[in-house]
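Peer 1: predicted structure and sequence below. I'll ask about it afterward.
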Amino acid sequence: MRIVELSNHPADMLNEASRRRQTADKRSHSRYEDSLIQHQARVQTVRVKRDRARQHRQWWAWLRLVFAVWTEKRRAPRPPGRNTEPTDTEERIRAGIAGEQLVAAELGRTLADDWTLLHGYRNRRGEIDHLLIGPRGLFAIEVKNLNATVHVDGDRWNADKYDNYGNLVEQRPITDRKGRSPSEQLNESATELERFLQQRGQQVSAQRIVVLTHRRSRLAPGSHPTVSVATSTASVLTLLNESRQTLDQKQRAELQRLIQRDHDFHEKTRRPGRRTGPSSP
């Protein structure tokens, strides 16, 4: 299997999250240094008054200022700890990257060179982790690394997390930053991709698969998703083998060319400071 990296948005997000943490750490230390300078100035001011009272033999004032110096020194600001540990956001992004890499590696060990994996495709509706093109069709793959039992009712996804003793400790919806479930996220981007390809003479449908890669991921019984859900790469390979689509070498090459062109267009139009027009690739 050949791998073509169109972009690596998770890595970009991880770098940005790390940069924000480091910036916040520097800002915190800067505030501490400013507070320390101000504190030292206050202590010095009280010391001067204390010494002046002693020179003038103003003993009650001197005694009061001795305690004032002691009190002021106790008010020294505490240095902030170094924020070197990754944040929860960074850990989640790292887990997502690991899941995507796992799927790519396991598919690569099985699929021959007539398959191509396009990583990091993006259009105006969002991003698709992997687009897989091969003799049995076009597959849009979204990867989720969830340590949970996943319940799916149509496009509503929820996660149940259990502790090591089997006790339910958390229930939460599974959505992205736009409030979309994994199937909505994948369907919107895949439908937009199909529209783009069909307008250019490629009457092909993208078969949609969400892969749950965490070793403790489970799909709850009775789930009814609007996309295929796999809990292992072996399940993905089964879906590939069951596909009734066929693409010859010429079709696969044209699909890859169009997908890369579409991705490049949307990458350019989303860059800050660049005007976007009504034209399409």
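Peer 2: Sure thing, it's come through.
Peer 1: in three-state terms, label residue 152 for me.
Peer 2: For residue 152, the assignment made with DSSP: H, G, I helix; E, B strand; the rest coil gives strand.
Peer 1: just list whatever residues bridge to it.
Peer 2: residue 157 (DSSP bridges).
Peer 1: what about it, neighbour count?
Peer 2: Residue 152: 22 surrounding residues under other C-beta atoms under 10 Å. Glycine gets a C-beta too; all of them are placed from N, C-alpha and C.
Peer 1: go on, the one 10 residues further on?
Peer 2: Neighbour count of residue 162, defined by other C-beta under 10 Å: 15.
Peer 1: in the protein, which spans are strands?
Peer 2: 2-5, 116-123, 126-134, 137-144, 149-154, 156-162, 168-173, 206-212, 218-219, 224-225, 228-230 (DSSP state E).
Peer 1: what residue is smack in the middle of this protein?
Peer 2: Nearest residue to the geometric centre of the chain (C-alpha atoms, centre = their mean): residue 93, 3.9 Å.
Peer 1: just to revisit the earlier point, can you redo the strands of the chain as CSV with mean pLDDT?
Peer 2: Converted to CSV, these look like this (pLDDT from 0 to 100):
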stretch, mean pLDDT
strand 2-5, 93
strand 116-123, 96
strand 126-134, 96
strand 137-144, 96
strand 149-154, 94
strand 156-162, 90
strand 168-173, 87
strand 206-212, 96
strand 218-219, 92
strand 224-225, 94
strand 228-230, 96
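Peer 1: distance to residue 26 for those strands - can I get that in TSV?
Peer 2: Output for the strands of the chain, formatted as TSV (distance: least, C-beta to C-beta, whole Å):
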stretch	distance to residue 26
strand 2-5	32
strand 116-123	30
strand 126-134	31
strand 137-144	34
strand 149-154	39
strand 156-162	35
strand 168-173	33
strand 206-212	38
strand 218-219	42
strand 224-225	45
strand 228-230	43
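Peer 1: among those, which is nearest residue 198?
Peer 2: Using C-beta to C-beta as the measure, strand 206-212 is the one of those that comes nearest residue 198, at 10.8 Å.
Peer 1: can you show me the CA trace of the closest one as CSV?
Peer 2: Extracted C-alpha coordinates of strand 206-212, given in CSV (Å, rounded to 0.1, in the frame of the first residue of the first chain):
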residue,chain,number,x,y,z
ALA,A,206,-17.2,6.9,-0.7
GLN,A,207,-17.9,4.0,1.6
ARG,A,208,-17.8,5.4,5.2
ILE,A,209,-16.1,3.7,8.1
VAL,A,210,-15.5,4.8,11.6
VAL,A,211,-12.7,2.8,13.3
LEU,A,212,-12.5,2.5,17.1
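Peer 1: tell me the angle it makes with strand 149-154.
Peer 2: If you take axes from the mean of the first three to the mean of the last three C-alpha atoms, to 10 degrees, strand 206-212 sits at 150 degrees to strand 149-154.
Peer 1: show me what strand 206-212 pairs with in its sheet, parallel or antiparallel.
Peer 2: As assigned by DSSP bridges, strand 206-212 forms pairs with strand 137-144 (parallel), strand 228-230 (parallel).
Peer 1: can you give me how far the last one is from the chain middle?
Peer 2: Right, the one you point to is strand 228-230. Between the centre of strand 228-230 and the centre of its chain there are 21 Å (C-alpha atoms, centre = their mean, to the nearest Å).
Peer 1: quick one: contacts of it?
Peer 2: Strand 228-230 is contacted from outside by 150, 152, 207-212, 219, 223, 236, 239, using C-beta atoms under 8 Å, 6 or more residues apart in numbering.
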